[in-house]
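> fold the following for me, if possible:
(chains A and B)
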Amino acid sequence: MNWIKTQNNTVININEIPTLHIDVLRHEIMNEYRHNKRAIGFFGVKNRLFTVLADDFNSQILVSSAKFFEIKSYSSLTPDIPAFSMFEREFFEEFNIEPAGHPWLKPVRKIENYNFLKSDDEEVHEVAVGPIHAGIIEPGHFRFLCRGEFVENLEIQLGYQHRNIESLFLQRNKPLIHLAESVAGDTVIGHATAYCNALEALTNTNIPEKSQIIRAIALEMERIAVHIGDLGAVSNDIAYLMGTSVFGATRTLVINTLLEICGSRFARGLIRPGGVAFDIDQNLSDKIYSMLDSILTTVEIIIDSMFSSSSVLSRLDKTGIVSKETAHEIGLVGMAARASGVPLDIRADHPWGSYKTLNFEKIVMKSGDVYARTYIRYIEIKQSAQIIRDLLAKLPENADLLTQISKPLSPNSMVISLTEGWRGEIVHTVLTDEQGNISRYKIKDPSFNNWNGLALAVKGNGISDFPLCNKSFNLSYCGNDL
Amino acid sequence: MLEFVLMIVLLFLFPFLFVGIINRTKAFWGGRQGASIFQPLYDFIKLFKKGEVISSTTSFIFNIAPSVTFTSIIFAGLLVPLINQKSFLSFEGDFILFAYILALGKFFSLISAMDTGSSFEGMGASREAGFSTLVEPAFFITIASIAALSGNYSFQSLFLIFNNTGELGILIILLSVLVIFMMILVEGCRVPVDDPNTHLELTMIHEVMVLDNSGPDLALINYGSAMKMVIFSALIANMLHPAVFLLIPIIIGTLESTVARFRFSRLFEFIFLMCSVSLVVLALTMIALYENPVGLIK
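Residues are numbered from 1 along each chain as shown, chains lettered A, B, ... in the order given. Below you'll find the model as predicted:
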């Protein structure tokens, strides 16, 4: 056996993971890719390279590894499987082992001494944007090569937010949940859920059913809040004033409900290892119901007038297209992938907690343009509202919320925790050593996969449509930089 | 005397209110209370009290350009008839000076944007230059048609023909109003052509050209572009009714609240449309002159 099979949030013993020669591993990965597997992890630990593949059709996860002691390079996977590009660049940056034949071995997070792609053509001019931007957004540098108004190439340089957060997770006796909540500021619930699921799996803790439901409700509320905010942001970029003001006000209703639940508009402090820290009682549950009714009415009215306005459609339609083939090839995940027709959704493919009990249908659109990425948000808002209603109906009264985690982490173990945040799949992989301490904490935010999608979407479009494409993806800088 | 005072108020104070009314209208449609309609005036005073930051890569052009542009707009304002077809200055062919004095101002704002050496501002300058090339013929075709119709070549007497006109004349007026209104949107950098509120350097046209300006220079630039909108509104007011001065900012505000900005590559279609309408004005004028060679005035 060259792979060990596991599932979402299931602990495996590190010693049981096969250790292959790196060339054999490469061959195995290629073989599995032919059978519709895809990479969700490719990272080094000491002298061992771990590869984690997801089998979305059978809800399984495949893990294998290779020793890379005393080797300087290996034959790159990227020319055959472009989705490995980012993973191999990251691996090269951290361990300095060269994937020979990689077409573009640019550092992922290191900023110094990098020469941007240049063009010899005299007609092509460079436009440099950032890392400090005019709006209140995170830092990132965009280098455009433009022919007149049209973008020939976009190079994205990130890493300004690098906090080395993965190694901060190795600290002992610290409340790591606060770190997990800060991996990406707009996905507090998504990352906190992934962390808690991993920790609970490693300590073999079963958390109360009620807290599972509350976690799922919170995750869907986060999705609704961010999606509505993004609809407003897209409206703002095309100067559609009505959308900007109404969506902005509607988002506040959602995050204020989170505030009522746990005292934080971004739900910091709600999710804790062992369950949740705050209850949703009958009173709050009624409030959530009426909040959902009122936001859905508002959103529907504005969406109706927005998507029947020709001036709006002319901006969104066929702008920043990522085709299904491209999306599949570069390994796009989450909402952006679904907008391009790639049906990936962890809630359906690798369900956890309350999602195991739900009838969940993936929402997929075809066109892969800004229109699709905007409209899919609207449909997902409706779907999430329905999920919340279903879950609220199941909410038991006066049940336990939090179980104490007292047991130590199981030693020599590995667990892969997958969550579908609003942006896409969040992967937290945790490895422990002989004493049961965390020896490696690997995070993959969906932004890590999707930044390349943005760079490709912009190609051939007008440079003035870049902000719109960017908003339609709304990727996280710190989620990528870690 | 009263008329003279009114004209001064209209030219020098009304621009602030013009922008204030647009913003207030947008606030109304957005369900907000909005700032006072005198806010642009307060901003102007505030900016005038501030210091200036001037990039070390710029030359003297960057320093003089805002003043040159502003002066050129005031000069144009002196030529345009404001109330009762009266302007401060008037002579034969003044509308040609009007167009080119504005073009001079624009030229200086273009080279001042290039002077900063910023890639954004160069981009803005090239966009603005592209639009101006197309706006100019539309303006001349329209105004020259009216001039031919009236047999007069000064701004003041140009619009007199509209006081007493037939059905063809009404058609010409309406189409000319449409051309001038579209020109206000282009020259005033309003939605759907440009977005005056955006913070996105890559999509801006006019705003991106003045990114490096600050303090009094920025105050003059903002004041100047507001004044330009009033000047073009004056052309419409002369054709229709003085109430237009209040109506136009409300229409612009409503338009900005309900329509999204055009995709950049389609903006040229909008400007070509403006040119085409001006050609229709020309055609109708020729028909009118053929039917009644002395013009509609008789």
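> all contacts plus neighbour counts: C-alpha atoms, from now on.
OK.
> which helix or strand contains the residue lying closest to A:I217 once chain neighbours are set aside?
On the basis of Cα to Cα, 6 or more residues apart in numbering or on different chains, the spatially nearest residue to A:I217 that is not a chain neighbour turns out to be A:I388, at 5.4 Å. Mapping A:I388 onto the secondary structure by DSSP states H and E places it in helix A:370-394.
> now that helix: average pLDDT?
Model confidence over helix A:370-394 averages 93 on the pLDDT scale.
> likewise stretch B:236-243?
87.
> straight-line length of it, end to end?
Separation of the first and last residues of stretch B:236-243 by Cα to Cα, to the nearest Å is 10 Å.
> buried set for that stretch?
Within stretch B:236-243, the residues that qualify as buried by neighbour count (16 or more other Cα atoms under 10 Å in any protein chain shown) are B:I236, B:A237, B:N238, B:M239, B:L240, B:P242.
> run through who's touching that stretch.
The set of residues external to stretch B:236-243 that reach it, using Cα atoms under 8 Å, 6 or more residues apart in numbering or on different chains, is B:81-85, B:159, B:162, B:173, B:177, B:180-181, B:244-245.
> how far off centre is the host helix or strand of A:H27?
A:H27 is part of helix A:22-34 when elements are defined by DSSP H and E. Put simply, helix A:22-34 sits 25 Å off its chain's centre (Cα atoms, centre = their mean, to the nearest Å).
> buried residues in stretch B:147-166?
Of the residues in stretch B:147-166, those with enough neighbours to count as buried (16+ other Cα under 10 Å) are B:147-162.
> quick one: contacts for the residue located most distally from the centre of chain A?
Relative to the centre of chain A, and counting by Cα atoms, centre = their mean, the farthest-placed residue is A:E122 at 39.2 Å. Residues near A:E122 by Cα under 8 Å, 6+ apart: none.
> send the alpha carbons of stretch A:396-407 over as PDB?
Presented in PDB, the C-alpha positions along stretch A:396-407 are these (Å, rounded to 0.1, in the frame of the first residue of the first chain):
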ATOM      1  CA  PRO A 396     -32.400  21.000  21.700                       C
ATOM      2  CA  GLU A 397     -33.300  22.900  24.800                       C
ATOM      3  CA  ASN A 398     -31.100  23.300  27.800                       C
ATOM      4  CA  ALA A 399     -28.500  20.900  26.700                       C
ATOM      5  CA  ASP A 400     -24.800  20.900  27.500                       C
ATOM      6  CA  LEU A 401     -22.600  23.200  25.500                       C
ATOM      7  CA  LEU A 402     -19.100  22.600  26.500                       C
ATOM      8  CA  THR A 403     -17.200  19.400  27.500                       C
ATOM      9  CA  GLN A 404     -13.900  19.800  29.300                       C
ATOM     10  CA  ILE A 405     -10.900  18.600  27.300                       C
ATOM     11  CA  SER A 406      -8.600  17.200  29.900                       C
ATOM     12  CA  LYS A 407      -7.000  14.300  28.100                       C
END
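> what comes into contact with that stretch?
By Cα under 8 Å, 6+ apart, the list of residues contacting stretch A:396-407 reads A:200, A:203, A:205, A:207-208, A:210-211, A:273-279, A:281.
> test my guess that the residue nearest to A:I217 contacts A:L219.
No - contact status for A:I388 versus A:L219: not in contact, 9.4 Å apart, counting by Cα atoms under 8 Å.
> more neighbours, those two?
More crowded of A:I388 and A:L219, by other Cα atoms under 10 Å in any protein chain shown: A:L219, with 26 against 22.
> so which elements touch the one helix or strand B:G20 maps to?
Secondary structure here is read from DSSP H and E; on that basis B:G20 sits in helix B:14-29. Using 3 or more Cα pairs under 8 Å, 6 or more residues apart in numbering or on different chains; DSSP states H and E as the contact criterion, the neighbours of helix B:14-29 among helices and strands are helix B:39-49, helix B:215-239, helix B:244-258.
> need the contact list for A:P103.
A:P103 makes contacts with A:T78, A:P79, as judged by Cα under 8 Å, 6+ apart.
> and if you look at B:G122?
The contact partners of B:G122, by Cα under 8 Å, 6+ apart, come to B:A113, B:M114, B:M209.
> re earlier: which of the contacts of stretch A:396-407 fall within strands?
When DSSP state E defines the strands, the subset of the contacts of stretch A:396-407 inside them is A:G275, A:V276.
> ok, for residue 244, nearest residue in space, not its chain neighbours?
Because you didn't say which chain, this covers chain A. A:G232 (4.4 Å).
> correction: the question concerned chain B.
The shortest distance from B:V244 to any residue that is not its chain neighbour, by Cα to Cα, 6+ apart, is 5.3 Å, and that residue is B:A237.
> show me what from chain B comes close to chain A.
Proximity of chain B to chain A (Cα under 8 Å from any Cα of the partner chain) is limited to residues B:29-31, B:119-120, B:191, B:195, B:198-204, B:256-265.
> tell me the SS of the residue lying closest to A:I61 once chain neighbours are set aside?
For A:I61, ignoring the flanking residues on the chain, the nearest one in space by Cα to Cα, 6+ apart is A:A54 at 4.6 Å. On the three-state scheme (DSSP: H, G, I helix; E, B strand; the rest coil), A:A54 is labelled strand.
> please apply the same query to A:S65.
Per three-state DSSP, the local secondary structure of A:S65 is strand.
> bridged to it, which residues?
When assigned by DSSP bridges, A:S65 has beta-bridge partners A:T19, A:F50.
> is it in contact with A:T19, as I believe?
Yes - in this structure, A:S65 is within contact of A:T19 by Cα under 8 Å, at 4.9 Å.
> and these two? which has more neighbours close in?
Set side by side, A:S65 and A:T19 show unequal neighbour counts under other Cα under 10 Å, the larger going to A:S65 at 24 against 18.
> so how far is chain B from that one?
45 Å (Cα to the nearest Cα, to the nearest Å).
> show me what contacts that residue?
The neighbourhood of A:S65, defined by Cα under 8 Å, 6+ apart, consists of A:I17, A:P18, A:T19, A:L20, A:L25, A:R48, A:L49, A:F50, A:T51.
> what do you get for B:M7?
With contact taken as Cα under 8 Å, 6+ apart, B:M7 is in contact with B:L82, B:I83.
> where's it, which helix or strand?
Mapping B:M7 onto the secondary structure by DSSP H and E places it in helix B:2-12.
> same thing with A:V415?
For A:V415, the element it lies in under DSSP H and E is strand A:413-420.
> show residues contacting that strand.
Contacts of strand A:413-420 with the rest of the structure, by Cα under 8 Å, 6+ apart, involve A:7-14, A:190-191, A:193-195, A:197-198, A:201-202, A:334, A:345-347, A:350, A:352, A:425-433.
> other residues contacting whichever strand or helix holds A:N480?
Assessed by DSSP H and E, A:N480 sits inside helix A:477-481. Contact with helix A:477-481 is made by A:108-109, A:138-140, A:158-163, A:183-184, A:444-448, as judged by Cα under 8 Å, 6+ apart.
> just the ones of these in helices?
When helices are assigned by DSSP state H, the members of these inside them are A:P446, A:S447, A:F448.
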